[in-house]
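Trainee: sequence first, then the predicted structure:
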Amino acid sequence: MPDWQLWLPPALTKRRFRLYTAGHLVSVIGGWIQQVALAWLVFRLSNSIFLLGLTGFLLNIFYCCSARLPASPPTACRGCTCSSSSTSCSPRSPCGWR
């Protein structure tokens, strides 16, 4: 094993994962540069602080809306004798909730 791999986290010792991580890093930095460039362009063309803020909001609202919400149990289990409020479901029941 080469010496430079000794200080890497275990996942980064794999070549394919290092390539994926490097590509993802380039993509994320490119997205940041694009957001700054677009906000700069909007401000230069409109000279409006309001439109600059609106642009920043619209560029980032997707990340707030796409956050995963915690999963809620079903209202009633189908195919077993338990209900969603019961904690005594069998692990082998079709609903899978305990």
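Mentor: Yes, it's here. Numbering: from 1, shown residues only.
Trainee: where does the protein dip in pLDDT?
Mentor: Applying pLDDT under 70 to the chain flags residues 1-5, 67-98.
Trainee: all helices for it, in order.
Mentor: Applying DSSP state H to the chain gives helices spanning 15-46, 49-65.
Trainee: export the ones you listed to TSV and tack on distance to residue 9 and mean neighbour count?
Mentor: Every residue, glycine included, has its C-beta placed from N, CA and C. Formatted as TSV, the helices of the chain follow (distance: least, Cβ to Cβ, whole Å; neighbours: other Cβ atoms under 10 Å):
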stretch	distance to residue 9	mean neighbour count
helix 15-46	10	11
helix 49-65	26	11
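Trainee: could you save the ones you listed as TSV and add columns showing distance to residue 6?
Mentor: As requested, these are exported to TSV (distance: least, Cβ to Cβ, whole Å):
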stretch	distance to residue 6
helix 15-46	15
helix 49-65	36
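Trainee: out of those helices, nearest to residue 8?
Mentor: With Cβ to Cβ, the closest approach to residue 8 among the helices of the chain belongs to helix 15-46: 8.3 Å.
Trainee: could you give the angle of that closest one to helix 49-65?
Mentor: Orientation of helix 15-46 against helix 49-65 (axes from the mean of the first three to the mean of the last three Cα atoms, to 10 degrees) gives an angle of 150 degrees.
Trainee: mind giving me the packing neighbours of helix 15-46?
Mentor: helix 49-65 (3 or more Cβ pairs under 8 Å, 6 or more residues apart in numbering; DSSP states H and E).
Trainee: contacts for the helix it packs on next, please.
Mentor: Outside helix 49-65, the residues that touch it by Cβ atoms under 8 Å, 6 or more residues apart in numbering are 35, 38, 39, 42, 43, 46.
Trainee: same thing but 10 Å
Mentor: 31, 34-36, 38-46, 48 (Cβ atoms under 10 Å, 6 or more residues apart in numbering).
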